[in-house]
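just to be clear, the model below is a prediction. Sequence and coordinates:
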Amino acid sequence: MKIYKDGWLETGEGHSIYYMLLGNPNGTPVLSFHAGPGDCSWAGFYDFLDEKKYNIITFDQRGCGKSEPFGKIEDNTIDKILTDAKALLDFIGIQDKCILFGGSWGSTLALAFGAKFPNTTKSLVLSNVLLGRHHDLKKLMSDLKKFKPLSDYNVDENNIFLKIRQAIQNNDVEFISKYNDYEIYKYTFHRSDGLKTNLIEKDLLQKRLYCNFLCNNLFLSNKGVVNDLQKLSDKPIFLVHNKYDPICNIEQAHLLKKHLPQTELVVLNKRGHGGDFQIDTLKKFFKKA
């Protein structure tokens, strides 16, 4: 989708976020949160949407993508990101309520933003939801002992967060690189081929930022965003989730539906974390949102 405006917005504490505006400036506003933590936004992600109908507002979160300084973990929490998103909407002059859009970590941010700024929220379109409970993060680590490259570190789901914190404090490149390999191992359903054992400096900064969120439980309580879901009880919510997602287990999708019964949930009998096969469902969701 074509970018009609982009730039940087200083948001405080030395952070400057890069933003992109795509589609129709007079269209229905869509505030989009990229996945991660540590990833970035890209214009091509929105090609499935009608550029005449929607005004896409997206940005690289603190320390990510083109935002500056890259990889900075200081003053970088979920609450800071939500405040940045609202500041961006105010800066652009968006007065209408927005459709909130996000997948995985982006879904966590969309749910948290909707609960924090309900008067700015029209509806939510989500994929592969991450509720951010400590339980969810521990479950993500449940097969750590099967990953041989980390066996020398004696890690499991009970101590991995402490090990990650220590690696960040000690700038332990080897451990962070091997943990990165473990995540690739998860994404590829326990295939060990093609692992990237040597991170370049930028990759390392990105993974360090990600790990900082992880070992701080995404800067959420142990219950993640669950306690605030009631604040979204009057918002239309649409969720597509892969049944065999190795990162965001399907239990989270059903829990969201339990807390917010108005959620329209579509479960695809697919493997993987996201995927192009979700696009048709997302198109239908946006027509309703």
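Done, it's in.

who's in contact with the most centrally placed residue in the chain?
Centroid check for the chain by Cα atoms, centre = their mean gives W105 as the closest residue, at 2.0 Å. Residues near W105 by Cβ atoms under 8 Å, 6 or more residues apart in numbering: F33, H34, A35, G36, P37, D39, L130, L218. For the C-beta atoms, the positions are set from N, CA and C on the backbone; glycine is no exception.

phi first, then psi, for the first one.
Just to be clear, that refers to F33. The phi/psi pair for F33 (degrees, to the nearest 10) reads phi -110, psi 120.

beta-bridge partners for it, please?
Taking DSSP bridges as the rule, F33 bridges to G102.

my read: it touches S104, true?
No - counting by Cβ atoms under 8 Å, F33 stays clear of S104, with 9.7 Å between them.

not counting its neighbours along the chain, what's nearest H15?
R62 (4.8 Å; Cβ to Cβ, 6 or more residues apart in numbering).

same check, this time on N217
H134 (5.4 Å).

which residue packs closest to D84, ignoring adjacent ones?
T11 (4.6 Å).

distance check, the one you found against S67.
With the distance defined as Cβ to Cβ, to the nearest Å, T11 ends up 9 Å from S67.

comparing these two, which residue is more hemmed in?
S67 (24 against 21; other Cβ atoms under 10 Å).

from H273, how far out is the residue nearest to the centre of the chain?
Relative to H273, and taking Cβ to Cβ, W105 is found at 11 Å.

could you dump the helix or strand bottoming out on mean pLDDT in the chain to PDB, C-alpha only?
Sorting the helices and strands of the chain by mean pLDDT, DSSP states H and E puts helix 173-187 at the bottom, at a mean of 87. C-alpha atoms of helix 173-187 as PDB (Å, rounded to 0.1, in the frame of the first residue of the first chain):
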ATOM      1  CA  VAL A 173      26.000 -12.700  23.100                       C
ATOM      2  CA  GLU A 174      26.400 -16.500  22.900                       C
ATOM      3  CA  PHE A 175      23.400 -17.200  25.200                       C
ATOM      4  CA  ILE A 176      21.200 -14.600  23.400                       C
ATOM      5  CA  SER A 177      22.200 -16.100  20.000                       C
ATOM      6  CA  LYS A 178      21.400 -19.600  21.200                       C
ATOM      7  CA  TYR A 179      18.100 -18.400  22.600                       C
ATOM      8  CA  ASN A 180      17.400 -16.900  19.200                       C
ATOM      9  CA  ASP A 181      18.000 -20.300  17.600                       C
ATOM     10  CA  TYR A 182      15.600 -21.800  20.000                       C
ATOM     11  CA  GLU A 183      12.800 -19.500  18.800                       C
ATOM     12  CA  ILE A 184      13.500 -20.400  15.200                       C
ATOM     13  CA  TYR A 185      13.300 -24.000  16.400                       C
ATOM     14  CA  LYS A 186       9.900 -23.300  17.800                       C
ATOM     15  CA  TYR A 187       8.700 -21.500  14.700                       C
END
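
which SSE is immediately downstream of that helix?
helix 201-215 (DSSP states H and E).

check which helices and strands that next one sits against.
helix 160-169, helix 173-187 (3 or more Cβ pairs under 8 Å, 6 or more residues apart in numbering; DSSP states H and E).

can I get the ones you listed in a markdown table with distance to P149 and mean neighbour count?
A markdown table is the format used below for the helices and strands packed on helix 201-215 (distance: least, Cβ to Cβ, whole Å; neighbours: other Cβ atoms under 10 Å):
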| stretch | distance to P149 | mean neighbour count |
| --- | --- | --- |
| helix 160-169 | 14 | 17 |
| helix 173-187 | 5 | 18 |
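
I56: neighbour count?
26.

and K138, what pLDDT?
pLDDT, K138: 89.

swap that for P37, please
95.

same thing with the one 5 residues further on?
At W42, the pLDDT value in this model is 94.
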